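Asks: The amino acid sequence is not available; the structure is as follows:
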């Protein structure tokens, strides 16, 4: 008799929406979120993944370029995101799952704005009903 | 002449009655993650030796994990040579998956049901599959293959049984593990008693890729008034 395993349910909780055009599990680290603050350079909101690029200013004055992908914009549209949700020049703090290859790349968990607004991407603890 | 008309009308009545007795799958369906007893009933019908691949609806396996399936030497070699970095390229970004994968992806779908065919309009990669329920056979083995494959369906009581062949090679687990164009897919669909939930199981065989049979389970809940959004895949993701 087959049964849906507890492991699968946990997997759903923590990696829902990971399946888009490439594997979340292969490309990103599910534990240990990174949080980076910077200024938005561009935001592209189309499938298979939205892409946010932003510049982080380091304490010594140098800068680092970051690229952060969203889960599918179709999923995010149903949660209130749009192509105008993030604008160039805005100050944002991006929390996300870091790339396994150590590059400045991440899958977005959430984006926080200076005015306190937040956009949730691939949430770790979203209720099952919001995972599609 | 009168007798002929009577026979025709009787046949028409019986046909119409049979069609109306079939479960109505029409509507918008979104993935349901919570398990249910009614879904378990369909799971219990899976072949006892099938390997249950527990990744449908949003779960997935990492590099080197294949859900308990025994890969063939050919498939092992292919996975070992797989270049994951290629997946982030614009060339790969809009490569659509096949029906063997997209049916279990965590995206909604619309079902449009008619007497002789059923259309599944998938949000994921804008895929559209037609299931012929008019009694036709699959085309010859050497006919062209596609990501949607060729599907024929029939009703076994309340269950829609769909047999799909002619599926073009594509991803099977989204981690470098791909199926060949010899894959054969059999699905069973069943509505919950209240019509609010659709359950399905998938059994796949691809002897060039793995031993025996693989099985997956999916469920969707019906959402009135909703519709599938365009996916409009944009390859510039990889730029």
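Replies: Perfect, thanks for sending it. From a predicted model like this one, the values you see are computed outputs, not experimental measurements.
Asks: And the residue nearest the centre of the chain?
Replies: Since you didn't name a chain, this refers to chain A. residue A:108 (1.1 Å; Cα atoms, centre = their mean).
Asks: my question was about chain B
Replies: Note: chain B centre (Cα atoms, centre = their mean) maps to residue B:103, 4.2 Å.
Asks: what's the distance between the nearest residue to residue B:27 once chain neighbours are set aside and chain A?
Replies: Using Cβ to Cβ, 6 or more residues apart in numbering or on different chains and skipping the chain neighbours, the partner closest in space to residue B:27 is residue B:222 (4.8 Å). Any C-beta I mention is one placed from the backbone N, CA and C, and that applies to glycine too. Distance, residue B:222 to chain A, using Cβ to the nearest Cβ, to the nearest Å: 13 Å.
Asks: ok, back up a step: and the residue nearest to the centre of chain B, what pLDDT?
Replies: pLDDT for residue B:103: 96.
Asks: residues touching it, list them.
Replies: B:122, B:187, B:200, B:202, B:218 (Cβ atoms under 8 Å, 6 or more residues apart in numbering or on different chains).
Asks: Okay, strands next: where are they in chain B?
Replies: With DSSP state E as the criterion, chain B has strands at B:27-31, B:51-52, B:109-113, B:117-122, B:128-132, B:150-156, B:159-165, B:170-171, B:178-179, B:184-191, B:197-205, B:214-222.
Asks: now the last one: mean pLDDT?
Replies: To tie it back to what came earlier, the one meant is strand B:214-222. Strand B:214-222 comes out at a mean pLDDT of 96.
Asks: Next: stretch A:31-39.
Replies: Per-residue scores along stretch A:31-39 average to 94.
Asks: Would you mark the buried spots in it?
Replies: By 16 or more other Cβ atoms under 10 Å in any protein chain shown, the buried positions in stretch A:31-39 come out as A:34, A:36, A:38.
Asks: In chain A, where is pLDDT below threshold?
Replies: A:1-21, A:124-132 (pLDDT under 70).
Asks: Ramachandran angles for residue A:73?
Replies: For residue A:73, the backbone dihedrals are phi -50, psi -30 (criterion: degrees, to the nearest 10).
Asks: quick one: contacts for the nearest residue to residue A:82 once chain neighbours are set aside?
Replies: Residue nearest to residue A:82 in three dimensions, not counting chain neighbours: residue A:45, with 7.0 Å by Cβ to Cβ, 6+ apart. Contacts for residue A:45 (Cβ under 8 Å, 6+ apart) come out as A:70, A:73, A:76, A:81, A:82, A:83, A:85.
Asks: For residue B:39, which residues are in contact?
Replies: By Cβ under 8 Å, 6+ apart, the neighbours of residue B:39 are B:197, B:199, B:217, B:219.
Asks: which one of those sits closest to residue A:112?
Replies: Using Cβ to Cβ, residue B:219 comes nearest to residue A:112 of the contacts of residue B:39, at 34.2 Å.
Asks: Any figure for the gap between that closest one and chain A?
Replies: 10 Å.
Asks: does that residue have beta-bridge partners, and which?
Replies: For residue B:219, the beta-bridge partners under DSSP bridges are residue B:199.
Asks: list the contacts for it?
Replies: So residue B:219 contacts B:31, B:32, B:35, B:36, B:39, B:57, B:197, B:198, B:199, B:200 (Cβ under 8 Å, 6+ apart).
Asks: what about 7 Å?
Replies: B:32, B:39, B:197, B:198, B:199 (Cβ atoms under 7 Å, 6 or more residues apart in numbering or on different chains).
Asks: I'd say the third one and residue B:218 touch.
Replies: It refers to residue B:197. No: taking Cβ atoms under 7 Å as the definition, residue B:197 is not a contact partner of residue B:218, at 10.8 Å.
Asks: higher neighbour count, the two?
Replies: residue B:218 (22 against 19; other Cβ atoms under 10 Å in any protein chain shown).
Asks: Could you check how far that one is from residue B:59?
Replies: 11 Å (Cβ to Cβ, to the nearest Å).
Asks: what do you get for residue A:109?
Replies: 18 Å.
Asks: ok, now residue B:165?
Replies: 27 Å.
Asks: Tell me which of the two has more neighbours.
Replies: Under the criterion of other Cβ under 10 Å, the comparison of residue B:165 against residue B:59 puts residue B:59 first, with 26 against 18.
Asks: Contacts for stretch B:78-88 next, please.
Replies: A:22, A:26, A:27, B:71, B:92, B:176, B:177, B:178, B:238.
Asks: Can you list the strands that the lengthiest strand in chain A pairs with?
Replies: Secondary structure of chain A per DSSP E: the longest strand is strand A:34-44. Strand pairing for strand A:34-44, using DSSP bridges, gives strand A:51-57 (antiparallel), strand A:91-98 (antiparallel).
Asks: hey, where'd the helices end up in the chain?
Replies: Reading this off chain A. Remark: helices assigned in chain A by DSSP state H are A:6-15, A:24-27, A:73-77.
Asks: right idea, wrong chain: chain B
Replies: Using DSSP H, helices in chain B cover B:2-21, B:37-43, B:73-80, B:90-93, B:99-102.
Asks: Quick one: residues contacting residue B:182.
Replies: B:206, B:207, B:208.
Asks: Would you convert these into TSV that also reports neighbour count, pLDDT and distance to residue B:128?
Replies: Converted to TSV, the contacts of residue B:182 look like this (neighbours: other Cβ atoms under 10 Å in any protein chain shown; pLDDT from 0 to 100; distance: Cβ to Cβ, whole Å):
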residue	neighbour count	pLDDT	distance to residue B:128
B:206	24	98	23
B:207	12	98	28
B:208	13	96	27
